[in-house]
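Student: quick one, fold the following:
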Amino acid sequence: MAIGISVKETSGIIVVTAEGDLTAEDVRDGLVGVWERPEFATHARVLWDLRNANAADLPSGDLRSIAAFESKERPEHPRARLAFVVQRDVEFGLARMVGVFSEDPHIDQSVFRDRDEAERWLTK
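Tutor: Here you go, the predicted model:
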């Protein structure tokens with residue numbers, strides 16, 4: 001699995017791009033990479049682009065552990081927005097499950113199939 005993290009200059013959105021077979025360790029590493037970005041402290045809008053990733057083999061226990069890790073380790077931020085962009089139904093469902101497991105009132109999460117739509121949602 002390859003994970004890349006960049007920032008869109010025009011909007012300040014932190015973009016996490018994942019390719020290949022996704023593991024819980026990859027996701028945790030991606031989360032830490034996002035939290036370490038100075039933009040996260042001032043502009044917590046994150047887009048996870050999973051269109052070229054395969055999360056089909058992630059067990060639900062891993063999803064719960066990712067959500068628990070995120071809830072416990074995420075730096076404090078008054079409000080954050082998180083968008084997942086996916087192609088397949090399996091990743092759509094898994095991304096929704098992570099949101100349910102997280103249940104953090106400080107994070108607005110949504111899942112999209114269109115990246116432009118996700119970016120519009122993140123910046124509104």
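Student: and the helix or strand of the chain with the lowest mean pLDDT, what does it pack onto?
Tutor: Here the helix or strand of the chain ranked lowest by mean pLDDT, DSSP states H and E is helix 89-102, holding a mean of 77. Contacts defined by 3 or more Cβ pairs under 8 Å, 6 or more residues apart in numbering; DSSP states H and E place helix 89-102 against strand 45-54, helix 60-73, strand 107-112. C-beta: built from backbone N, CA, C; applies to glycine.
Student: if you set the cut-off to 6 Å instead, what comes out?
Tutor: Applying 3 or more Cβ pairs under 6 Å, 6 or more residues apart in numbering; DSSP states H and E, one finds that helix 89-102 makes contact with helix 60-73, strand 107-112.
Student: list the contacts for the residue sitting nearest the centre point of the chain?
Tutor: With distances taken as Cα atoms, centre = their mean, Trp48 lies nearest the centre of the chain, 4.2 Å away. When contacts are counted by Cβ atoms under 6 Å, 6 or more residues apart in numbering, Trp48 touches 16, 84.
Student: quick one: buried residues of stretch 35-47?
Tutor: 35, 37, 40, 43-47 (16 or more other Cβ atoms under 10 Å).
Student: with stretch 72-86 instead?
Tutor: 74, 80-86.
Student: poorly predicted segments of this structure, please.
Tutor: 1, 77-78, 99-104 (pLDDT under 70).
Student: contacts for stretch 15-29 next, please.
Tutor: Under Cβ under 6 Å, 6+ apart, the answer for stretch 15-29 is 1-6, 30, 47-50, 52-55, 62, 65-66, 69.
Student: switch the cut-off to 8 Å
Tutor: Residues from elsewhere that reach stretch 15-29 (Cβ atoms under 8 Å, 6 or more residues apart in numbering): 1-8, 30, 33-34, 46-50, 52-55, 57-58, 62, 65-66, 69.
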